[in-house]
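1. Quick one: sequence and predicted model below, then my questions.
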Amino acid sequence: QVQLVESGGGLVQAGGSLRLSCAASGTFFSRNNMGWYRQAPGKEREARELVAGITMAGSPYYVDSVKGRFTISRDNVKNTLYLQMNSLKPEDTATYYCASWTGPFDPQGWGVDYWGQGTQVTVSS
């Protein structure tokens, strides 16, 4: 059974940092692309966006709005995905979802195979 369990969300002031973790169960982790999506409060599912992704080989992708502030990494021994978020802004407030997929990177996540339950990140101004 595949499970993705996020942790590390919370409330932080603008300019602060948080580190999200996603613990994966199952044998798929090292063979799949992984990433973090976010969905802002009150927004529809169609507004979910890929924030950062990382391929099986470790190549990262970032949406323009987080470049230079967020860093994605993966530990294929611990089956864990991370997202280090620095210089947080109020517009980063959202539910962050860990995701896993085998196909191409998808900005809205329609091709994601597995989702975590989400962790809330709130950035106050």
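-> Happy to help now that I have it. Numbers count the residues shown, from 1 in each chain.
2. so the residue nearest the centre of the chain, which of the three states?
-> Geometric centre of the chain, nearest residue: W36, 1.7 Å, by Cα atoms, centre = their mean. Classification of W36 using DSSP: H, G, I helix; E, B strand; the rest coil returns strand.
3. mind listing the strands for this structure?
-> Using DSSP state E, the strands found in the chain span residues 3-7, 10-13, 18-25, 33-39, 49-54, 60-62, 70-75, 80-85, 94-101, 114-115, 119-124.
4. Flag every buried residue along the second one.
-> This points to strand 10-13. V12 (16 or more other Cβ atoms under 10 Å). C-betas here are computed from N, CA, C, even on glycine.
5. partner strands of it, parallel or antiparallel?
-> According to DSSP bridges, strand 10-13 has the following sheet partners: strand 119-124 (parallel).
6. wait, doesn't Y61 sit right on D106?
-> No: Y61 lies out of contact with D106 (Cβ atoms under 8 Å); the separation is 11.1 Å.
7. which residues do those two both contact?
-> Taking Cβ atoms under 8 Å, 6 or more residues apart in numbering as the criterion, Y61 and D106 both touch L50.
8. so what's the residue nearest to the centre of the chain scoring on pLDDT?
-> Here the pLDDT value assigned to W36 is 98.
9. so how far is S73 from it?
-> 11 Å (Cβ to Cβ, to the nearest Å).
10. and for these two, which residues touch both?
-> Listed contacts common to W36 and S73 are L81; contacts here mean Cβ under 8 Å, 6+ apart.
11. quick one: terminal-to-terminal distance for stretch 60-71?
-> 8 Å (Cα to Cα, to the nearest Å).
12. and that stretch, which residues are buried?
-> Applying 16+ other Cβ under 10 Å to stretch 60-71 flags Y62, V66, F70 as buried.
13. quick one: the first one and I54 touch, right?
-> It refers to Y62. No: counting by Cβ under 8 Å, Y62 does not reach I54; the two are 9.9 Å apart.
14. hang on, the earlier thing: in the sheet, which residues pair with the residue nearest to the centre of the chain? Tell me.
-> Taking DSSP bridges, one finds A52, C98 as the beta-bridge partners of W36.
15. going forward, begin numbering at 866 instead of 1
-> Sure, I'll start counting at 866 from here, so that last one is W901.
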